[in-house]
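Asks: my questions are about this predicted structure, shown below with the sequence.
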Amino acid sequence: MATPSTFGRRLRMFRKRRGLTQGELARLAQVSRPAITMIENGRQSDLNIEALVRVADVLNVSIDRLVRDDETEDAELTAAIA
């Protein structure tokens, strides 16, 4: 299995923080559940911009916060959902 990208790791963290399953996020953002799964598992690394905007809106985060590489914030988010 591929290593999840920063986007994949952060997508999973923000999704869990909102208490959503992959299926719920997919339905609310009008994205396929397999796409969410593949991003979180590192088998796909991106979404088109329209889908990315919908995902960020559902997760109530900015696109920048969703995709940027910030290890300090990653550690804080991981601790918050653990």
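Replies: Received the coordinates, thanks. Numbering: from 1, shown residues only.

Asks: just the pLDDT at the residue lying closest to Ile63 once chain neighbours are set aside, thanks.
Replies: Counting by C-beta to C-beta, 6 or more residues apart in numbering, the nearest residue to Ile63 once its immediate chain neighbours are dropped is Ala56, at 4.8 Å. Placement of C-beta: from N, CA and C, glycine included. With respect to pLDDT, Ala56 scores 96.

Asks: what separates Ala56 from Glu50, distance-wise?
Replies: Counting by C-beta to C-beta, to the nearest Å, the gap between Ala56 and Glu50 amounts to 11 Å.

Asks: more neighbours: these two, which one.
Replies: More neighbours sit around Ala56 than around the other of Ala56 and Glu50, counting by other C-beta atoms under 10 Å; the figures are 20 against 10.

Asks: just the buried residues of whichever strand or helix holds that one, please?
Replies: Here Ala56 sits within helix 49-59, counting by DSSP states H and E. Taking 16 or more other C-beta atoms under 10 Å as the basis for neighbour counts, the residues of helix 49-59 that come out buried are Ala51, Leu52, Arg54, Val55, Ala56, Val58, Leu59.

Asks: same deal with stretch 19-35?
Replies: Neighbour-count burial for stretch 19-35 flags Leu20, Gln22, Leu25, Ala26, Ala29, Val31, Ala35 (criterion: 16+ other C-beta under 10 Å).

Asks: got TSV for those residues, with distance to Phe7, pLDDT and secondary structure too?
Replies: Putting those into TSV (distance: C-beta to C-beta, whole Å; pLDDT from 0 to 100; DSSP: H, G, I helix; E, B strand; the rest coil) gives the following:
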residue	distance to Phe7	pLDDT	secondary structure
Leu20	16	98	coil
Gln22	15	97	helix
Leu25	14	98	helix
Ala26	16	97	helix
Ala29	14	98	helix
Val31	13	96	coil
Ala35	12	95	helix
